[in-house]
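# I need the structure of the sequence given here:
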Amino acid sequence: MRFAAIDIGSNAVRLLIADILRKDSRVYYTKNTLLRVPLRLGDDAFVEKKISPPKFEDMVKTMRAFKDLLDVYKVSDYIACATSAMRDSENGSQVVAACKEVGIDIRIIDGGVEAKIIYSAYLSGIMDKNKVYLYIDVGGGSTEVSLFANGELKGSRSFNLGTIRVLDNQDTPETWQELRIWVKEITKGYKEIYGIGTGGNINKLSRIANKGEDKPFSYAKLKAIYDHLNSFSLKDRIHDLGLRSDRADVIIPAAEIFLTIMKAGHLKNVVAPRVGLVDGIIQQLIQKNYAKILSD
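Residues are numbered from 1 along each chain as shown. From the prediction side, this is the model:
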């Protein structure tokens, strides 16, 4: 059996096709195919408040291609979710309707739902109930922050602060200040707080910090990496450091957001488990189809 997850973000659109496996009553998945298309819908959505005709067309073409792949891979079930850029676009519903015509049903979800999908479907299983965690998801259009203590969600909030939004100068000093104040308030009274970061940028920063290993890294380590990256021009980050062109610009504001949160919350460190919305969606599909999987 195969399931698929589609994540329509502000920076990129992702398709994950997963093979569903089981051993007795345990059901798990392996990644078969992962595709990433850097459409950058946020460039239109955050500045013009709508998806432009060229990107509208590219989005429909991408969904048509994804539908063909779902058919070729014989995918049994899928979920497609759109986040910040589509939420902010006045013509988001028109984009959804056009994509439905080529065979892909899209749900536009808010930041809280996005964080919940990732947490409830995946991260809850790796958190130590005796520790306090600040979960941080930095996307192109928004940042979701959630505090977990004793295995329970103590507070969660979504901020209109994302990498594309910052690059397009659509962020405000007030939003940065709101983020700092909220993080200070929600973390008050806890001695040791561990950060969990998700998103393509923190995954890349983690690989740089740990030379490819998945290990926690400190505020000081992240600040040193940020200072190093920021000392290069965009062009040199691509040519000299080998960053992809669609990663070399957004990684700077992403690091700034993580540094701001880590400082405000006095985080001991942050770890990037390299999971995202597509992983959470696959887990949701497993839960939804659990009885059917066991009966096959």
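# Isn't Leu259 up against Leu222?
Yes. Between Leu259 and Leu222 there is a contact under C-beta atoms under 8 Å: 6.1 Å. Where C-beta positions appear, they are placed from N, C-alpha and C, glycine not excepted.
# quick one, which of those two is more surrounded?
Leu222 (24 against 15; other C-beta atoms under 10 Å).
# backbone phi and psi for that one, please?
phi -70, psi -40 (degrees, to the nearest 10).
# Could you give the number of residues near the closest residue to Met86 other than its chain neighbours?
In space, and not counting its chain neighbours, Met86 is closest to Gly92: 4.4 Å by C-beta to C-beta, 6 or more residues apart in numbering. Here the number of neighbours of Gly92 (other C-beta under 10 Å) works out to 19.
# Might you report the residue contacts of Gly92?
Going by C-beta atoms under 8 Å, 6 or more residues apart in numbering, Gly92 touches Ile51, Ala82, Met86, Ile108.
# Point out the ones among the residues you listed that are inside strands.
Ala82, Ile108 (DSSP state E).
# can you pull out the helices in the protein?
41-45, 53-72, 84-88, 92-101, 111-121, 163-167, 173-187, 200-210, 219-230, 234-239, 245-248, 251-265, 277-288, 290-295 (DSSP state H).
# Which strands and helices lie in contact with the first one?
When you say that, I think you mean helix 41-45. helix 53-72, helix 84-88, helix 163-167 (3 or more C-beta pairs under 8 Å, 6 or more residues apart in numbering; DSSP states H and E).
# make it 6 Å
Counting contacts by 3 or more C-beta pairs under 6 Å, 6 or more residues apart in numbering; DSSP states H and E, helix 41-45 is packed against helix 84-88.
# what does the helix it packs on rub up against?
Ser10, Leu41, Gly42, Ala45, Gly92, Ile108, Gly141, Ser142 (C-beta atoms under 6 Å, 6 or more residues apart in numbering).
# Likewise for stretch 221-229?
Contacts for stretch 221-229 (C-beta under 6 Å, 6+ apart): Ile208, Ala209, Ala255.
# Can you give the distance from it to the centre of its chain?
In terms of C-alpha atoms, centre = their mean, to the nearest Å, the centre of stretch 221-229 is set 21 Å apart from its chain centre.
# Nearest to Ser25, out of the contacts of Gly92: which one, please.
Ala82 (33.8 Å; C-beta to C-beta).
# in the stretch 101-250 of the chain, what spans have low per-residue confidence?
For the stretch 101-250 of the chain, the stretches with pLDDT under 70 are 121-124.
# Spatially nearest residue to the residue nearest to the spatial centre of the chain, not counting backbone neighbours?
Centroid-nearest residue in the chain: Gly199, 4.0 Å away (criterion: C-alpha atoms, centre = their mean). Nearest residue to Gly199, sequence neighbours excluded (C-beta to C-beta, 6+ apart): Val138, at 4.7 Å.
# For burial, what's the neighbour tally of the one you found?
What Val138 shows, counting by other C-beta under 10 Å, is a neighbour count of 26.
# picking up where we left off before, and the residue nearest to the centre of the chain, how far is that from Thr33?
Separation of Gly199 from Thr33 (C-beta to C-beta, to the nearest Å) stands at 21 Å.
# Likewise for Cys99?
Taking C-beta to C-beta, one finds Cys99 at 20 Å from Thr33.
# Can you pick out the residue with more neighbours from the two?
Cys99 (24 against 13).
# what sits against the residue lying closest to the more buried one once chain neighbours are set aside?
Distances taken as C-beta to C-beta, 6+ apart place Met63 nearest to Cys99, at 4.3 Å, with adjacent residues excluded. Contact analysis of Met63 by C-beta under 6 Å, 6+ apart lists Cys99, Val102, Ile104.
# Apply 8 Å and report the result again.
Counting by C-beta under 8 Å, 6+ apart, Met63 touches Ile6, Ala80, Cys99, Val102, Gly103, Ile104, Ile106.
# Repeat that for Leu35.
If you count contacts by C-beta under 8 Å, 6+ apart, then Leu35 has Arg14, Leu15, Phe66, Leu69 around it.
# Name the member of those residues with the most neighbours.
Per-residue neighbour counts (other C-beta under 10 Å) across those peak at Phe66, which has 25 neighbours.
# hang on, isn't that residue packed against Leu16?
No. Judged on C-beta under 8 Å, Phe66 makes no contact with Leu16 at a distance of 10.7 Å.
# what is in contact with those two at once?
Common neighbours of Phe66 and Leu16 (C-beta under 8 Å, 6+ apart) are Ala4, Ile6.
# in stretch 171-183, what's buried?
Within stretch 171-183, the residues that count as buried by 16 or more other C-beta atoms under 10 Å are Asp171, Thr175, Trp176, Leu179, Trp182, Val183.
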